[in-house]
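A.B. asks: give me the fold of what follows.
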Amino acid sequence: MAPVPIDTSGESFTALRSLLDQIADNEVPAASRIAATIAAQQFLESLTRRLVTEAREQGATWDELGEAFGTTPANVKSRFGSYRSYDDD
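C.D. replies: Here you go, the predicted model:
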């Protein structure tokens, strides 16, 4: 399967840039900055999941992904692996 291009000029990345601006703005109340941080984290988590799936489809091993994340392959697999496939080494 060919990788799906990530459009950094698209609506999602524009929203992320807006969230980052809000987070960095000391004039914005802290509670609003926290909410913006959580929304940014959720977006980046979704993007990370997509990239891990793409990396696996391209043949990356759990060992390689563990190294990229700075943790063990088992930790990465438990976070991003399939709950239905126990043999996807």
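A.B. asks: any chance you could map the helices in this protein?
C.D. replies: Counting by DSSP state H, residue ranges of the helices within the chain are 11-24, 30-57, 62-69, 73-80.
A.B. asks: packing partners of the longest one?
C.D. replies: It stands for helix 30-57. helix 11-24, helix 62-69, helix 73-80 (3 or more Cβ pairs under 8 Å, 6 or more residues apart in numbering; DSSP states H and E). For glycine as for every other residue, the C-beta is placed from the backbone atoms N, C-alpha and C.
A.B. asks: switch those over to TSV; also include mean neighbour count.
C.D. replies: TSV is the format used below for the helices and strands packed on helix 30-57 (neighbours: other Cβ atoms under 10 Å):
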stretch	mean neighbour count
helix 11-24	13
helix 62-69	16
helix 73-80	16
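A.B. asks: any chance of the helices of the chain in JSON lines, with mean pLDDT too?
C.D. replies: Output for those, formatted as JSON lines (pLDDT from 0 to 100):
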{"stretch": "helix 11-24", "mean pLDDT": "91"}
{"stretch": "helix 30-57", "mean pLDDT": "94"}
{"stretch": "helix 62-69", "mean pLDDT": "96"}
{"stretch": "helix 73-80", "mean pLDDT": "93"}
